[in-house]
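In: Model the following, please.
(chains A and B)
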Number of protein chains: 2
Amino acid sequence: MSGPARGFPTSEYRARVVRAQARMAKLGLAALLLTTEADLRYFSGFLTRFWESPTRPWFLIVPATGDPVAVIPAIGVALMARGWITDIRSWPAPDPVDDGVSLLADTLIELAGPGGRVGVPMGLESHLRMPLADWGRLKAQADVGFTDDGGIVRGLRMIKSEAEIFKIRASCAVADRAFARVPEIARAGVPLDDLFRRFQCLCLEEGADWVPYLAGAASPGGYGDVISPAGPDPLRLGDVLMLDTGVIRDGYFCDFDRNFSLGRPDNAVRAAHAALIDATQEAASQVRPGQTAGDLFNVLHRALAQHGTPGAGRLGHGLGLQLTEGLSLISGDQTVLAAGMVITLEPGLELGPDHLMVHEENIVIRAGGAEFLSTPAAREIPSLEG
Amino acid sequence: MSGPARGFPTSEYRARVVRAQARMAKLGLAALLLTTEADLRYFSGFLTRFWESPTRPWFLIVPATGDPVAVIPAIGVALMARGWITDIRSWPAPDPVDDGVSLLADTLIELAGPGGRVGVPMGLESHLRMPLADWGRLKAQADVGFTDDGGIVRGLRMIKSEAEIFKIRASCAVADRAFARVPEIARAGVPLDDLFRRFQCLCLEEGADWVPYLAGAASPGGYGDVISPAGPDPLRLGDVLMLDTGVIRDGYFCDFDRNFSLGRPDNAVRAAHAALIDATQEAASQVRPGQTAGDLFNVLHRALAQHGTPGAGRLGHGLGLQLTEGLSLISGDQTVLAAGMVITLEPGLELGPDHLMVHEENIVIRAGGAEFLSTPAAREIPSLEG
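Out: I've put the predicted structure just below:
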């Protein structure tokens, strides 16, 4: 399974840093302190599955001028040094006495200056990936002023470069090919948890580096929720099967689902599927830069309401380095849509109590409107042999 | 792929809660506030891959008496309600104005009482999985006193029940079977990233629900680090191939690796492998409850030092709900070993600059010593066809 070159040229990372520093200057920030996988990777390119281990904290500092500085556990130095970051400071983590706090405090004072304002992502979708007690120690030790980053990192990450869009498209293509092969593995009698295993293999065979997300369900006339893991119950004739996956290819996610009918779908399921596709296409045809996320939510919601009860909750979201990131398609999200945003359109319809159907596609917003990154599904729900 | 029953009986969760409440009483805690996947699952059984989405915070409160209360996004209510938790309070997340903070504050005041002390995991390995700005709002809104949980949750989770050990053993057995099939997929000329994909399929075929962790490397005479993702370079005759995996089966991890030689191993590699196995067996034969993690580190370190330069960093760690959790085998970890602890033994040897070899097994500590959960590897490094 070969493919395009991995990673990005250094110029991609430098451009991200320059954009961050321009916004930092406006807010008077002397540095950004980053602690999460996605934020570190955005600026450093540091790609590893080792984040699955919560033992060690990792830090990246973006100063007001110059290149980022990594303050990381020794176990990560070799990998970090293969990227573009040259100033790498490390300690032998885990250290129960001082797990990087002093080193980080010293580095922050050096880079931000005494009393300098250090922005930390503190808003929606963020968290601080270090122990709270160490955060307290850091605030006591480092003579700098920690403050919200003003949404700088979230805002930068929402607008994808062409190089990022290329990678997300490749990830979508993997899932496209895997979904096309579902008829090979799904038939009545196959336990849903087995089907999930086999589907993950299809994703890997089609080029996923790994499969961080798979949820779904199978039941007649729609399903009760969309986040459950699979149980051992076998697929049955008449089930609506939904598979929702986020695969990783070279560090970027796709996130979309497909619905299938085991045997002939009933009229309600057929109609609901067609309505979901129509709503998706309606939203895709109307989306333009300058609208808000709330505006796009309204388009989807109106289109769905013509056919039934729209699903509760959000009807789409941003994606990229994370399965979900950035904006939400909810009425209250005033984020202004812009060219380069990669989002999901995720309409849902409630067919009855505990009987939901959800459809999802991935698009990038261009100056003239939406470009699909996933291959849009047909109106007719595909039937699998019973 | 069938198997033993999924999940735990309610009695398992009630026992965990009772143990927590006994420790809370000693510390004068009116409640515990939990925010991470593993901590929530430990007390509620809430199992979903949806944690991959960082958008929404999730909260579980363990009161001083009575059952835990879930304060969670509406999207998770159906799944939570299928478990044993009956008091489930929800809000339509994400909400950019008030993302659960008021609901959580009200619930904490109700359960802990005004001014009640609420324990939050703040120590090693922990983090607070909610936006820092919302944490600030919560502290301002909730008339309770937040404090460190005194290591209660970490301490409880370190000692596994027999039911948990059963699940970890099942997860180890999956990886055992997958490692046994490596000769089917590894030969000279296969790109390492392709091999990684195929190995993940083997894990799935052998019963993994998903494969959250795979790292490894292949190069002559040892490898440079143990956390890198795979690149496109093909395996070559003379390489030492290491695969280190953590698979999930019914919510519990294994975490161990295996080394292979592409073709005949040279003497240094053979000797290093044998020394790693010997050190593992030495540690397994000597481990007893009542020793400290630091004591066990010393046993491994001494055994390794007889044969060369021990790898830097820790030589093992706890595992269970997480790939890594609890204690670390480092000289400074004074955690007292106890029956029921499940840990890795992970000795490493430096064969030269950037030439490391690491071996890893999973054991449970019993009153009389170690019981292997992974099937211990042979002293002789296995040779694969070149």
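In: name the element A:N298 belongs to?
Out: Applying DSSP states H and E as the criterion places A:N298 in helix A:293-305.
In: need the next SSE after that helix, C-terminal direction.
Out: Counting by DSSP H and E, what follows helix A:293-305 is strand A:309-310.
In: A:G189 belongs to a helix, doesn't it?
Out: No. The assignment for A:G189 (DSSP: H, G, I helix; E, B strand; the rest coil) gives coil, which keeps it out of a helix.
In: Which residue ranges of the stretch 101-250 of chain A form strands?
Out: Along the stretch 101-250 of chain A, counting by DSSP state E, counting those that start in this stretch, strands occupy A:117-120, A:145-148, A:210-220, A:239-249.
In: looking at those strands, which is buried most?
Out: Mean neighbours per residue, mean count of other C-beta atoms under 10 Å in any protein chain shown, is largest over the strands of the stretch 101-250 of chain A for strand A:239-249, with a mean of 25. (Glycine included, C-beta is placed from N, CA and C.)
In: Specify the angle between that strand and strand A:210-220 in degrees.
Out: Strand A:239-249 runs at 170 degrees relative to strand A:210-220, counting by axes from the mean of the first three to the mean of the last three C-alpha atoms, to 10 degrees.
In: on that earlier part again, can you say which of the strands of the stretch 101-250 of chain A is nearest to chain B?
Out: Of all those, it is strand A:210-220 that lies closest to chain B, at 4.6 Å by C-beta to the nearest C-beta.
In: Strand partners (parallel or antiparallel) of that closest one?
Out: Next to strand A:210-220 in the sheet, as set by DSSP bridges, lie strand A:239-249 (antiparallel).
In: low pLDDT regions in the stretch 101-250 of chain A?
Out: Applying pLDDT under 70 to the stretch 101-250 of chain A flags no residue at all.
In: quick one, what contacts A:T309?
Out: Applying C-beta atoms under 8 Å, 6 or more residues apart in numbering or on different chains, one finds that A:T309 lies in contact with A:349-350.
In: Let me know the pLDDT of it.
Out: Listed pLDDT for A:T309 reads 95.
In: A:V120 versus A:D67, what's the distance?
Out: Relative to A:V120, A:D67 is positioned 19 Å away (C-beta to C-beta, to the nearest Å).
In: swap in A:K26?
Out: For A:K26, the distance to A:V120 - C-beta to C-beta - is 17 Å.
In: With A:G332 instead?
Out: Distance of A:G332 to A:V120, computed by C-beta to C-beta: 24 Å.
In: So which residues of the stretch 201-350 of chain A form helices?
Out: A:267-286, A:293-305 (DSSP state H, counting those that start in this stretch).
In: need the residues of the stretch 151-300 of chain A near chain B, please.
Out: Counting by C-beta under 8 Å from any C-beta of the partner chain, the residues of the stretch 151-300 of chain A close to chain B are A:191, A:193-194, A:196-198, A:200-201, A:204-205, A:207-215, A:224-232, A:246.
In: ok, now with 6 Å
Out: For the stretch 151-300 of chain A, the residues in contact with chain B (C-beta under 6 Å from any C-beta of the partner chain) are A:194, A:197, A:200-201, A:204, A:212-213, A:215, A:224-225, A:227-229.
In: Narrow the residues you listed to just the buried residues.
Out: Buried members of those, scored by 16 or more other C-beta atoms under 10 Å in any protein chain shown, are A:194, A:197, A:200-201, A:204, A:212-213, A:215, A:225, A:227-229.
In: biggest separation within the residues you listed, which pair?
Out: Farthest pair in those (C-beta to C-beta) is A:L204 and A:D225. Separation: 26.0 Å.
In: can I see the domain layout of chain A?
Out: With automatic domain parsing as the criterion, the domains of chain A are listed as A:10-157, A:159-384.
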